[in-house]
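[1] With the input below, show me the fold.
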Amino acid sequence: MQRRCFTQIGLVTLAVPSLAFAQALEKPKLTIAVGGKNLLYYLPLTIAESLGYFKDEGLDVTIADFAGGSRALQAVVGGSADVVSGAFEHTLNMQAKGQKLRAFVLQGRAPQIVMGINPKTMPGYKSVADLKGKKIGVTAPGSSTNVMANFVLAKAGLKPADVSIIGIGAGNGAVAAMRSGQIDAISNLDPVITLLQRSGDLKIISDTRVVAEADRVFGGPMPAGCLYAPQAFIDKNPATVQALANALVRADRWIQAAGPADIIKAVPEGYLLGDRAVYIDAFLASKGALSPDGLIPEAGAATAVNALKSVDDALKDVKFDLAAVYTNDFAKKANAKFAKAR
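    All right, here's what the predicted structure looks like:
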């Protein structure tokens, strides 16, 4: 049924036997680490898996899900995973620590992270400055949701030490933490955000699901979810990396042509948080922030550096090699492949 859904919305299914690819792949069996796979932030990864795009490329992919992006990063650094599906800025943070990681296909062209306050614990909220001394829930400490929180706080003159950062995950646990009053504010993503907003348990103060708003907040295009890997892995397995990029670009393109009903059919039931209508609303709110082609914007790395430096004094004097943290070579080849197939 998912295959029929794919063709109904106008994209061409490339029915190339996976074995034709497998012979050329250096590492057909690999593990991708992700922090919060149920999030719409990683919807292209989910689509590539559920619609069989990895298999079509001759890949046998295991997706290891963690509580947040920082945990997924640790899995690759520690050697238990090969590739990360995570936030672009982690490549920069790791370069500052002397580790070479490179993004090679984009999932999100804006962070899609929303920060909001708990109207129950902060009924008199007036400005971000009111968050001083409060508890802020993020997916995991050190993850992109934590960076977003720090960024919003910094613009109000607050430092990370002025608040308590608490890891609450990216699913029902995050919803429960907000509704029970365990946290005073949250930095998280859809479908968690839409669920809380619809039930009146969230007042939004910054929303980067809107590309224009994200550009305004960060001062330029801020690349978000992507696939990235150690440079050594990319150098050793270029055909495998190309196959991964093909699958993700195909998923990116499918999503842009898909409607809510197509998404609901393709996404696992457990990702819907018990409410299909909420998930559909979340998809529609986030769709514009998802990448249409997997290409990382040329100014994106510079924007990410500025954002990181604004929240981390230790990075202020670091000289980054921006060209070393991303490449569009694989995504360009993938787009050319699918353009010819139309």
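[2] Please count neighbours and contacts with C-alpha atoms only from this point.
    Fine.
[3] chain center to the helix or strand residue 212 falls within, what's the gap?
    Taking DSSP states H and E as the definition, one finds residue 212 inside helix 211-218. In terms of C-alpha atoms, centre = their mean, to the nearest Å, the centre of helix 211-218 is found 16 Å from the chain centre.
[4] Might one say that residue 41 is in contact with residue 223?
    No - Residue 41 is beyond contact range of residue 223, at 11.5 Å (criterion: C-alpha atoms under 8 Å).
[5] The two - which one has more neighbours?
    residue 41 (32 against 28; other C-alpha atoms under 10 Å).
[6] How about the contacts made by that one?
    With contact set as C-alpha atoms under 8 Å, 6 or more residues apart in numbering, residue 41 has these partners: 107-108, 111-112, 189-190, 225, 290.
[7] Quick check: beta-bridge partners of the most centrally placed residue in the chain?
    Among the residues of the chain, the one closest to the centroid is residue 225, at 2.9 Å (C-alpha atoms, centre = their mean). Beta-bridge pairing of residue 225 under DSSP bridges involves residue 87.
[8] Next: the one 4 residues further on.
    On the basis of DSSP bridges, residue 229 is bridged to residue 102.
[9] Could you give the number of residues near it?
    26.
[10] Does it touch residue 82 like I think?
    Yes - between residue 229 and residue 82 there is a contact under C-alpha under 8 Å: 6.8 Å.
[11] Pull up the overlap in contacts between these two.
    Counting by C-alpha under 8 Å, 6+ apart, the residues touching both residue 229 and residue 82 are residue 76.
[12] what's the spacing between residue 40 and residue 87?
    13 Å (C-alpha to C-alpha, to the nearest Å).
[13] and if you look at residue 117?
    23 Å.
[14] repeat for residue 218
    In terms of C-alpha to C-alpha, residue 218 sits 15 Å off from residue 87.
[15] When those two are compared, which one has more neighbours?
    Per other C-alpha under 10 Å, whichever of residue 218 and residue 87 has more neighbours is residue 87, with 28 against 18.
[16] that older thread, between residue 41 and residue 223, which contacts overlap?
    Both residue 41 and residue 223 are in contact with 108, 111, where contact means C-alpha under 8 Å, 6+ apart.
[17] neighbours around residue 242, how many?
    Other residues close to residue 242 by other C-alpha under 10 Å number 21.
[18] what's the pLDDT at residue 17?
    On pLDDT, residue 17 comes in at 38.
[19] for residue 341, that is, sorry about that
    So, for residue 341, pLDDT stands at 73.
[20] Neighbours of it, how many?
    By the criterion of other C-alpha under 10 Å, residue 341 has 11 neighbours.
[21] Also residue 254?
    Residues lying near residue 254 (other C-alpha under 10 Å) number 24.
[22] Mind giving me the packing neighbours of the strand or helix carrying it?
    Here residue 254 sits within helix 238-257, counting by DSSP H and E. Counting contacts by 3 or more C-alpha pairs under 8 Å, 6 or more residues apart in numbering; DSSP states H and E, helix 238-257 packs against helix 43-50, helix 53-56, strand 101-106, helix 329-341.
[23] would TSV of those with distance to residue 198 be doable?
    Formatted as TSV, the helices and strands packed on helix 238-257 follow (distance: least, C-alpha to C-alpha, whole Å):
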stretch	distance to residue 198
helix 43-50	21
helix 53-56	34
strand 101-106	29
helix 329-341	37
